[in-house]
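Novice: sequence and predicted structure, then a few things I'm wondering about:
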Amino acid sequence: MGILKRIKHIAVADVHNFLDTFEDPVSMVKQYLRDLEEQFGKAQQALSNQLIIEKRYESLISHEEEAVAKRTRQANLAVDHGEEAIALLALQEKINHEDRLLIYREQQQAVKQQTEQLTEDLKRLAELYNDLEHRKQYLLSRANAAKAIQHINTALHPFHINPIERGFARMEEKIWHMDTGAQVGRQANRILHEASMVKAQERISESAKRELEKLKSERNQA
């Protein structure tokens, strides 16, 4: 679809609904840019052809002007020599060249107007292309931001958040149990250590008593 048809299509339809329903906005802008590049290339070629035609008319006009001047000199020379028949032929040729000269000048003027129009169209196409190029970058930025926000919203959706929260809760509970188990283990070890120290103290005290009794018995016998 050419760019003029696409623009007409969008102008007739509801723009926002058309964009949301049928085409991706960024893809559309890229397509417009491709269409504009094609139209720009055609306009450049047409302008080049027009300039060539202008040069051609300049050459034709110059040729006819020289022919008119030449036939004028020939007619004057023939009259000076009393050769009226030759003078008439020269004057008729002069008139024919003047007629063609008039036609060429009119055609040249029309070609120049076409060239001016093509130049203006080319300028407008270039401006439109640059405008769409900037708008494309803007749309790309907005599209990327919208996608990022969409991903974030999807990640924050309850159906996605709840499993994550439950998973973290299970991990926290597991770590809590591990930590509690470690604390219980440390307390048990401390209790066992203290009990062993008490028993050791008790054993030391009984031994000391027996040694004391033995020592006292030996001292009494002496």
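Specialist: In hand now; what should we look at? This one's a predicted model, so the numbers in the text were calculated from it and none came from an experiment.

Novice: pLDDT weak spots in the protein?
Specialist: Applying pLDDT under 70 to the chain picks out residues 1-23, 155-165, 167-169, 177, 179-189, 191-216, 218-219, 222.

Novice: and the helices in it?
Specialist: Here the chain has its helices, by DSSP state H, at 3-12, 15-21, 25-80, 84-155, 158-221.

Novice: domains of this protein?
Specialist: 3-156, 163-222 (automatic domain parsing).

Novice: quick one: neighbours of R34, just the number.
Specialist: Neighbour count of R34, defined by other CB atoms under 10 Å: 11. Quick note: C-beta positions are derived from backbone N, CA and C, even for glycine.

Novice: quick check: the gap between it and A46.
Specialist: 19 Å (CB to CB, to the nearest Å).

Novice: how about L89?
Specialist: Distance of L89 to A46, given as CB to CB: 43 Å.

Novice: what's the answer for T119, then?
Specialist: Using CB to CB, T119 is found at 10 Å from A46.

Novice: which residues touch the nearest residue to E65 once chain neighbours are set aside?
Specialist: Leaving aside its sequence neighbours, E65 sits nearest to L101 (CB to CB, 6 or more residues apart in numbering; 6.4 Å). By CB atoms under 8 Å, 6 or more residues apart in numbering, the contact list for L101 reads I61, E64, E65, V68.

Novice: I would like a PyMOL command selecting only the buried ones among the residues you listed, please.
Specialist: In PyMOL syntax, the buried subset of the contacts of L101 is picked out as below (16 or more other CB atoms under 10 Å):
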select buried, resi 61+64+68
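
Novice: out of the contacts of L101, who's nearest F40?
Specialist: Of all the contacts of L101, I61 has the smallest distance to F40: 31.3 Å, by CB to CB.

Novice: what's the closest non-adjacent residue to the closest one?
Specialist: Once flanking residues are discounted, I61 sits nearest to Y104: 5.0 Å by CB to CB, 6+ apart.

Novice: pretty sure the one you found is touching R56, no?
Specialist: No: contact between Y104 and R56 fails when scored by CB atoms under 8 Å: they sit 9.7 Å apart.

Novice: between these two, point out the one with more neighbours.
Specialist: Counted by other CB under 10 Å, Y104 and R56 do not tie: Y104 has more neighbours, with 20 against 13.
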